[in-house]
Every structure is written in structure tokens, then in C-alpha cells.
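Novice: Mind folding the following:
(chains A and B)
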Amino acid sequence: MQPTTPNFKQNARDAIANDPLQAALGKLAVGFPMRRLEAAARLPEFENLRDQARDIKTHVLENLDYYLEAYEQKVVESGGHVHWCRDAEEARETILEICQKAGAKTVTKSKSMISEEIAVNKYLEENGIEPVETDLGEYIIQLRKEPPSHIIAPAIHLSKEQVAETFRNAHIDLAADRDLDEPRSLLEEARAKLREKFLGADVGLTGANMLIAETGTNVLVTNEGNADLTNNLPRVHVVIASIEKIVPTLEDASTILRVLARSATGQDISVYTTFCTGPRRPEDLDGPEEYHVVLLDNGRSEMIGSEFHEMLRCIRCGACLNHCPIYKSVGGHAYGWVYSGPMGAVLIPNLIGMEEAQHLPNASTLCGKCESVCPMRIPLPKMLRKWRERQFRAHTGAPSARWALRGWAWLAKRPGLYRWAMNVGVAVLGQFGGRGRFRSLPLASGWTSKRDLAAPAGDTFINQFHKGARGDQSGALMRKKVH
Amino acid sequence: MSAREEILGRLRGKLGHSDAPNASNPALDHIQEHHKNLIPKRGDLDKAQRVDLFVQEATRVNATVVRVATLEDVPDQVSAYLREHQLPAKIKIAPHESLKSLNWQAKTSLMVDEGRGAGDDGVSVSVAYGGVAETGTLVMSSGPQSPTSLNFLPLDHIVVLQAADIAGDYETVWERIRNKAGPGKLPRTVNWITGPSRTADIEQTLLLGAHGPQRLHILIVDQPGG
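Specialist: Now for the predicted structure:
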């Protein structure tokens, strides 16, 4: 898709004025974090498992070339094919070629962020092949020609009325009096329509949550079972995955699975975790006759060893989105491309360039919540700051912001002057902020046009600390005074 | 240069690795060890407790579980299930020796088909390779006796699981599969199934039966059949 990342500010304003979206985000902001906490509480080893999951991917990334070769060898030994692709265009062409060789008219798809990244649906359509998304949320947004707004809940921004309207427009055989008021009837309509597609498809295209080097296996995680009907029923199974999805062994995959669903939806494990290896065996009664893996780089190998190396540990659980104050305010579409939230703000500039995505690393309060919930312990705030540093060095951004930062840096390096300026500032603001808050303030209209700014209530922290320390060497008095 | 050589070459350059064939390969060493990581204590139980935990966890995720004494009790239980849910007396069974040997017509007249799943199958009966108590997960392993499509196409899926095959954790089942398939090999499809199919894609409302079965019914056989 054409990124709308340069319009982030306008996108965000639109999102905040969008009532159904705000209602959905309100629900998400409570549900996902609560369920994650409950799942973590049920598993005493959760934090240790996060450490181990991180270490597994760290080890893989340090040896990625070896693991990719080992993985490829196993895929070939089990009768599959591996297609290496440098970029989105090569991947699209490779997938089209496989589909054309198979004489495919219809391709069923299970949700894959990489397939969004390479915009394969549009390309297949242009070449006369019908791609059908089968994850319920993806199916809905495909009919609406929208990108996903969340990694694991792509249609989270829509109300059931919007879904009903979408089905009425797309399913032309629907009777006018067909009841589509409730989520259950919407699901039944989609299930019936998609069942025909599953049974009729020539090629099944899936992503991969992981690729296991030990056995040449791809792992698929879903709750609906759509990835299973997609990989099992058609004659050809194509997997599209990026190179950093590799894990060494079945044991390592199991460890990561123990943190994936807990972080994503708060389930102990997703309903369906599927391990596919090669095509059907001669004695099998079902399964695809051909198995292809399209192995995509698209900028990942350039990230190895860079400041953003650790981003390659990401397992796309969506926990950082669910806990991000910015994501929870503006939703996924505002970010303007297929990824969103803190992981999107770090990853997107790597994939489409900093110029195009310059607002995204700034769409963060750096509160640190994302890193604290990331199952792979990716230092997202640190990497967002890295992008901001690069932007500063590259002279992008508003001149006024650059001058303000420069001025502040100059002051911060001179502690005496800094303290004097803070004392003056606190005293002056304290004097004028009589009612405890400012409704407007010169140079701060960006803040005060939307909300009040709290006025300083007393002295600076350092002054208070010194006063407290004089009264009691241990600082106990200070703590009493402050609390 | 091919895409493969370009990608691998760039990685080697960035990681400072040599492409010489006799270079040491930490990946192959790690794979061969298949070292176990931390395994949660939750599943570390004796056999009876493991079965209890499996039942508890599977029930938590909306599966229904019935324990039977022997394999011969399975047809009765399947009939009872069909009656309870007012389903037609028609099932598709996996061509598994333990199911084929059963007398399905002893008490009730059941229409029994066997083979892979079809679009119009209502109820399927298959045999699990194993179970994992940790999360109430069934492990299904594809093969001529266990077509994968039976796990997903019908609206009702009934699974026969030997109590003796319930392990505490995933790793124990992987070891069994690895021993059977050989090192570095797996059957075409291994499915971990934990409860019936579900979605929360419409307004975050949880609904069962998205694309796979709406109901998952597990029959645990306490005594190995004979």
C-alpha cells in the first residue's frame, strides 16, 4: 500500500474525532492488558521465559546466516522449495509465478503481516488471480480495501454495524431481510462464504510465526483455524516469511510459544498451533502436493548489527500496541502503513525510509510501557530515541524545535545556570498560576489549546531535597515532607 | 549474483562470519543438542495428576471432556454426544486401527464413514497422538491414520486420547515425535489443538466456531485398548 505516514498528524486528528474507533480503542485498552496480566500471573516462570525467549532470538540473529542455510537444507530434504527474495517486488513476482504454474484462479490466505508489507493481494488481482483473506478480521478489511489497524486484531477499529454494512455491499446474494445485527450472525455469514472459498482454492498462502531450522518447519498460530484450512486443502501451500523468523529447534519454538499468546491475547496458548513440514507424504490422505517457502529480506539484513538489530527479535504479538498511550489514542491506521504502535514506529522507518516516516518515532511519550511488556524485551524507547537523534543530525523537523532542543542542551550542560533558571521559572510560574493551572501560556499553546497545564506547586526538587537533607542526614524527613 | 548469495553474503559480512565450509557452525551444534529450555513446573506431576490437570485446562478453554474406562466405551459415548446435541447419527472417523476395530453398531445404528474430511462432514472422530497437561492441548500428527482435514472441517470434533499419552509439557511430546520420525524430520502436519475454534474479531466479542469446529469433545481412555 501507499504509505500515508507523512500525514501522521492529520491522521491522528481524524482518529481522535472518529467515535466508533475511540469506542473500540477504549475496549482494547482495558481488555488486552488485563488478560495479559492474568495469564502472566498464572505462570510463575513467565518473566524467566521472557529472558530465555530473548536469548534464543539473540543467538539466532548472531548466527542468522548459518541458521538460514540449515533451515533451507531441511525444507529441501522434506520435499519443499525455498525461494530467496531481496525485496517486495521479487517476492510478489515469485508468488505470482508459483500461482500461475499451478494454474491458480483463487488463492486463500491466512493473515500475514509480510503479505501486507509486500502488498501481494493487489498484485495478484492485477494479474487475474483472486486472493481471499480468511481470517475474519482480515476478510472484513479486505472487502473494505483497508489496511489492518492492529497486528492481531486487524478489524478492531470497526463496529458491528460497519461490518454488517460491509457484508451487505459485498455479498450481493444476501437477502434484504437477512438478520446481521449481532456478531454471531455476522460470523455465520462469513463462515459460510469462506467455506466455499476454502474448498475451491488452488493455492493456500500463509505467513509463518516462526521457521524451525531443525526440521524445516513453519509454525502457524491462529484461533480461528483458518490457517489450517488454508494450508491443508489447496494443492499448493506457499509460505511467505521474512528471514528473521528463524528459531533453532522444536524446544526453542515451544519456549517462544509460551510467551507469544500470553503477551498477545492473554491466552495460555492459541487454539491452533500448527507445524507444517514439506508437502504431503505419499501415504497421506490429505495435505498439499507442493510446498514453497518465499524467504524475504526486504531490509532485514541491513538491520543486522545496526542500532535497530534488536528489533529483529520481534514476534509480532501486539503487546506494545495494546499498552501504548499513543496507539490507544489514535489506533493503527494513523501510523499510515501496515505496522503501527511502538514496534511500527521503530520498524517502518527501517523499511520505507526515515524521510517518509519521520513523524512516527516522535509519536511516543517514551513512557517505557512497551519495553516493559515486550515478551522479547526489545528496548523500543531506546530505538525511538535513536531515530530522533538521527533526525536531529539530519536536520529534519521544525527549526523551532531544533533551536529549543539546542538551547535546552546548552543549559543542561551548565548545572549552576540550569538551577538558577529553574528557580526563576518555578517562582514565576508559581506566582502566576494562582489557581494551580494555566488555561493558556505563551509558547505552550500546543499544550494549552487542548488542556490545562499544571502550575508548579512549590520549590524545585533539588531545593526541596537539600532542605530535607539538612533536617535529617538520612533523608527520612525529606521523604515524609514530600509524601 | 543470486538473491540467496546476496542475502547470505551481506549477513556474513555484517556478522563477520566466513563462508569456508570447515568453519565452525554454532547453529548445527545447537540444533543437534536440542537443549531443553525452562519448562514450567505446572505440568511436573504424576500420571493421575497430569490427567486431572489436562481435564481442568481443556475445560477452561471450552472443550468438553469425558473419561472412559476402555476403548470399547467410545461408540456409546459418541452416540450419547450426538443425542445430547441433537445431531444426526452420522460420523466420519479417521482410518485409525483403534477406531476401525470398534463395534459402532452394537447398541445404536450409527452411519460411519471413514477417510479424510469433506466440506459437508458434521461430526468427526479422530485419535490424538498425545496430550499436554500444561495447557490442555491435544497433539495431532498427520499420517494415513490421521488426516488433518478431520480436525478442521466438521462443526463437531470428537478426539480419543489415551490417558497414558498425556504428558506434562510440550517438550516430552516432541521427544516422542522425534524418536518416531527420526532426527530432523516431522510428519507433514503436527497440530496443537487447545479448545474449539474461536474469534474476537468483531467488536472483541468472543465467539466459538470461527472456521474450525465449534465444539471440541475429548474422550480420555484410562486403560489402553485391547
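
Novice: Now do the buried residues in the longest helix that chain A contains.
Specialist: Counting by DSSP state H, the longest helix found in chain A is helix A:19-42. Buried residues in helix A:19-42, defined by neighbour count with 16 or more other Cβ atoms under 10 Å in any protein chain shown: A:L21, A:Q22, A:A24, A:L25, A:L28, A:A29, A:F32, A:P33, A:R35, A:R36, A:A39, A:A40. (Each C-beta comes from the backbone N, C-alpha and C, glycine too.)

Novice: before we move on, what about stretch B:182-199?
Specialist: Here stretch B:182-199 shows B:184-199 as buried, counting by 16+ other Cβ under 10 Å.

Novice: Give me the subset of the buried residues of helix A:19-42 that also touch chain B.
Specialist: Counting by Cβ under 8 Å from any Cβ of the partner chain, A:A24, A:L28 from those sit close to chain B.

Novice: residue of chain A with the smallest distance to chain B?
Specialist: Chain B sits closest to A:G225 of chain A, with a gap of 2.6 Å, by Cβ to the nearest Cβ.

Novice: can I assume A:V107 sits in a helix?
Specialist: No: per DSSP: H, G, I helix; E, B strand; the rest coil, A:V107 lies outside any helix segment and is strand.

Novice: mind checking the SS state of the nearest residue to A:M383 once chain neighbours are set aside?
Specialist: Residue nearest to A:M383 in three dimensions, not counting chain neighbours: A:V346, with 4.6 Å by Cβ to Cβ, 6 or more residues apart in numbering or on different chains. Reducing the assignment at A:V346 to three states with three-state DSSP gives helix.

Novice: mind giving me the domain ranges of chain B?
Specialist: B:1-35, B:45-221 (automatic domain parsing).

Novice: Tell me which of the ones you listed lies nearest to chain A.
Specialist: domain B:45-221 (2.6 Å).

Novice: quick one: low-confidence ranges for the chain?
Specialist: I went with chain A, as the question did not name one. A:434, A:469-483 (pLDDT under 70).

Novice: not what I meant, chain B
Specialist: Ranges of chain B meeting pLDDT under 70: B:22, B:225-226.

Novice: can you map out the strands along the stretch 101-250 of chain A?
Specialist: A:106-109, A:130-133, A:203-206, A:210-212, A:217-222, A:236-242, A:246-247 (DSSP state E, counting those that start in this stretch).

Novice: right, and the helix or strand after the shortest one?
Specialist: Right, strand A:246-247. helix A:250-264 (DSSP states H and E).

Novice: do that following helix and chain B meet at all?
Specialist: Yes: Helix A:250-264 is in contact with chain B by Cβ under 8 Å from any Cβ, via A:L250, A:E251, A:D252, A:S254, A:T255, A:L257, A:R258.

Novice: where does the third one sit relative to A:W447, distance-wise?
Specialist: To tie it back to what came earlier, the one meant is A:D252. Taking Cβ to Cβ, to the nearest Å as the measure, A:D252 falls 47 Å from A:W447.

Novice: Between those two, point out the one with more neighbours.
Specialist: Taking neighbours as other Cβ atoms under 10 Å in any protein chain shown, A:D252 and A:W447 compare with A:D252 leading, 28 against 13.

Novice: CA atoms only for the host helix or strand of A:A421 - export them in PDB, please.
Specialist: Assessed by DSSP H and E, A:A421 sits inside helix A:415-432. Coordinates of each C-alpha in helix A:415-432 appear next as PDB, following Å, rounded to 0.1, in the frame of the first residue of the first chain:
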ATOM      1  CA  PRO A 415      24.300  22.900  36.200                       C
ATOM      2  CA  GLY A 416      24.600  26.200  38.100                       C
ATOM      3  CA  LEU A 417      22.900  28.200  35.400                       C
ATOM      4  CA  TYR A 418      20.400  25.500  34.900                       C
ATOM      5  CA  ARG A 419      19.400  25.500  38.600                       C
ATOM      6  CA  TRP A 420      19.200  29.300  38.600                       C
ATOM      7  CA  ALA A 421      16.900  29.300  35.500                       C
ATOM      8  CA  MET A 422      14.700  26.600  37.000                       C
ATOM      9  CA  ASN A 423      14.400  28.500  40.300                       C
ATOM     10  CA  VAL A 424      13.300  31.600  38.400                       C
ATOM     11  CA  GLY A 425      10.900  29.600  36.200                       C
ATOM     12  CA  VAL A 426       9.300  27.800  39.100                       C
ATOM     13  CA  ALA A 427       8.900  31.000  41.100                       C
ATOM     14  CA  VAL A 428       7.400  33.000  38.200                       C
ATOM     15  CA  LEU A 429       5.100  30.200  37.100                       C
ATOM     16  CA  GLY A 430       4.100  29.500  40.700                       C
ATOM     17  CA  GLN A 431       3.300  33.200  41.200                       C
ATOM     18  CA  PHE A 432       1.100  33.400  38.100                       C
END
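
Novice: Can you name the element that comes right after that helix?
Specialist: Counting by DSSP H and E, what follows helix A:415-432 is strand A:437-438.
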